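1. sequence first, predicted model second:
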Amino acid sequence: MAATSEAKIASLYSELDRFQKNGDYQKALNTVNKILKEARNDETAFKCKVVCLIQLSQFQQAFKEIVNNPSFASALVFEKAYCQYRLNKINEALSTINAVSEPSQKLKELKGQVLYRLEQYGKCLDVYKDLIKNTSDDFDEERETNLSAVVAAMQLWEGQSTEDLGLKDDTFELCYNKACLVLGQGDYTEALKLLERAEQLCKESLEDDPDMTEEEIEAELGSVRVQKGYILQLQGKTDEAMKIYNQVVKLRPDDIGLMAVASNNIVSLNKDQNVFDSKKKIKATISDNLNHKLSVQQRSAMACNRCLIMVYTNQYDQCRKLLKNIKDKDKESDMPCLLEAALLCREKQYQKAMKLLEEYSNSKEDVSIALTLTRAQIYLMQGNIGQACDVLQSLGDNKHRPGIVSTLVALYANMENTEGAIEALDKAVDWYKSQGGSQSELHTLLRENTNFKIRHGQSEAATSLLEDLRQANPGDIRTLAQLISAYSKFDPKRAQELSQELPPVQEFSGNIDVDTLENTPIFMATRAMKKGATKNEPAAGDAKKEAEITKKKRKRKKIRYMPKYYDPAVTPDPERWLPIRERSTYKAKRKNKKAGIGKGTQGATAGPNDMDASSIPNSPQAGKPSPKPSSSSGASVPPRQQKPTQATKKKQASKGKKKKGGGW
């Protein structure tokens, strides 16, 4: 009986091996169950069962089997941790791995994936460095790809730079990760070039696969294109970015993370416009599965955008509920406070918004510059320009940035406070000189400070700044010209000395004929400038040619077109240009004499005396013939030559129609 059972198990193992080689894991699972039915304590068969369940993506069932059989669990640490990882129990998976004192190579590989998912990029980097250093097999390229992804994530999300690890960029994944690394460093142009190269490498690798359709290739390229759109958006090329995002969304990619990122970026481009479209697009960012697809920063940005959409659509109660959740998840960020202030401003509660921002600023030692700028913006919305300037002056060293200085100068100029604007410019210049800031920003501040002082009549104070600019760039003619102009206001002698250093006029005049330009009238010069060229005076020998050209350019006689029935012997009607109502021949429409007929009670008729007009004393006698119109014996005179007289009574040709007065 025992021999028969052993033979049966051996036969089932052979069958199991055949199914495993063919990749038919469902049949393999059925075979394993038969083996375990014969031998319940067979550790090899139990491990095969767990592997089959994992291959069939039945991770919950596999994890349950391991937990329910603790006697076999010690040999299945990797499988248990992998099931936890695939079930999104990331912290539990890390605890399972850390419980092993000497982890195997595959357990280290899994630990690297778990740490990356937990966004512990520093520890993850150490794991992959150790794996690449101590391992050499067919998966070296995949480990290098994962290492490049970790380096890019550290730079992109944490702003941490690492030493040059000598990573390649000869594959699609490596090139894409390098583009993300360069993007995190702020080099947008180079990042775009790398993404275009990654797109080309992806097309070449996928087009060689006959099983890949064009739609599947486009779906694979979605991540590269969304990243390109993001860089274009950062560069201010919003139309190009919007076009790319819409193309990706239209394809409906299976990757919900990619769909969420593209939809969120469309919402950010729409801002407070096209709110209905944004409300539809933002739904793609609401899914529990996105928690394991996106980083913390990405999920936080999407939640903030959902709040803003609720503010724009006046869903204030729902916005407050979402804000509460955001505060609980991200207590260190200033964004929830800014969103709540935006909500209060939307409700016209500016005092409450200002109080909220002030209390929040006082409760934290380090407050972001965005919070302070928001306070200044609310003051400006209320018309309190002076208080807005005070808030900007409280920014510490940030108040010397060119953007803040420009805002302060504009606000002080609006209040006609020239001294305050000059003080802000002078302090910014002094700070850059003492702290050794960016030279390009220093030169910008020096030039703007100079221009402002010259405009407000402080040429003597502007000369010292211009001297600094000239010392930094001795060959700048513009600075030299400004310096001469400034000195001419209070030190003409120094201005004369500096004017000797100006280059000769011929270097700037080029081929301009000065004599012709001076002799040309102003209006002729303007017309010539519009045409783009000036005409010189002709020489004496060209007089004959000009005379011939003048003859050829004689005016052509204009053909006059007369009316069709025009008769030159007949004088035109002098009233032909007057409106019909103003002509002497015009007669207004007569009142309808029959308008009163038929009025009265039903059946009433006029009496015989009423119908006899002869009984009326003032009426003409009955039977007396009326005079006939006389006819002229001579030739008929055309109507146009007749003198305007009062129009005679005429019968209308048809009832209800009036003949229009005609001209010619």
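-> In hand now; what should we look at?
2. hey, let's count contacts and neighbours off CA atoms from now on
-> Noted.
3. in terms of helices and strands, where is residue 403?
-> helix 402-414 (DSSP states H and E).
4. so what does that helix touch, helix or strand wise?
-> Packed against helix 402-414 by the contact rule (3 or more C-alpha pairs under 8 Å, 6 or more residues apart in numbering; DSSP states H and E) you find helix 385-393, helix 418-435.
5. kindly calculate the angle that the shortest one makes with helix 402-414.
-> For helix 385-393 against helix 402-414, the angle by axes from the mean of the first three to the mean of the last three C-alpha atoms, to 10 degrees is 160 degrees.
6. related to what we said a few turns ago, turn the helices and strands packed on helix 402-414 into a markdown table, including mean pLDDT.
-> Listed next are the helices and strands packed on helix 402-414 as a markdown table, based on pLDDT from 0 to 100:
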| stretch | mean pLDDT |
| --- | --- |
| helix 385-393 | 91 |
| helix 418-435 | 88 |
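7. just so I know, which of these lies nearest residue 199?
-> With C-alpha to C-alpha as the measure, helix 418-435 is the member of those nearest residue 199 (43.0 Å).
8. buried residues, that closest one. List them.
-> Under the neighbour-count criterion of 16 or more other C-alpha atoms under 10 Å, helix 418-435 has 420, 421, 422, 424, 425, 426, 428, 429, 431, 432 buried.
9. tell me what it is packed against?
-> Packed against helix 418-435 by the contact rule (3+ C-alpha pairs under 8 Å, 6+ apart) you find helix 402-414, helix 439-455.
10. okay, now residue 412: neighbour count?
-> When neighbours are counted by other C-alpha atoms under 10 Å, residue 412 registers 19.
11. I'd say it and residue 421 touch.
-> Yes - with contact defined as C-alpha atoms under 8 Å, residue 412 counts as touching residue 421 (5.5 Å).
12. returning to what we had before: mean pLDDT for the helices and strands packed on helix 418-435: which is lowest?
-> Among these, helix 439-455 has the lowest mean pLDDT, at a mean of 86.
13. and that one, what other elements does it pack with?
-> When contacts are defined as 3+ C-alpha pairs under 8 Å, 6+ apart, helix 439-455 packs onto helix 418-435, helix 459-472.
14. residues in contact with residue 29?
-> Neighbour list for residue 29: 48, 49, 52, 53 [criterion: C-alpha atoms under 8 Å, 6 or more residues apart in numbering].
15. can you pull the buried residues of the helix or strand where residue 495 lies?
-> Secondary structure from DSSP H and E places residue 495 in helix 492-499. Buried residues in helix 492-499, defined by neighbour count with 16+ other C-alpha under 10 Å: residue 495.
16. now do that helix: which elements does it pack against?
-> With contacts taken as 3+ C-alpha pairs under 8 Å, 6+ apart, helix 492-499 sits against helix 477-487.
17. same for the helix it packs on, what does it pack against?
-> helix 459-472, helix 492-499.
18. in the one helix or strand residue 355 maps to, what counts as buried?
-> Secondary structure assignment for residue 355, by DSSP H and E: helix 350-363. Judged by neighbour count (16+ other C-alpha under 10 Å), helix 350-363 contains these buried residues: 350, 353, 354, 356, 357, 360, 361.
19. likewise for stretch 39-57?
-> Neighbour-count burial for stretch 39-57 flags 45, 46, 47, 48, 49, 50, 51, 52, 53, 54 (criterion: 16+ other C-alpha under 10 Å).
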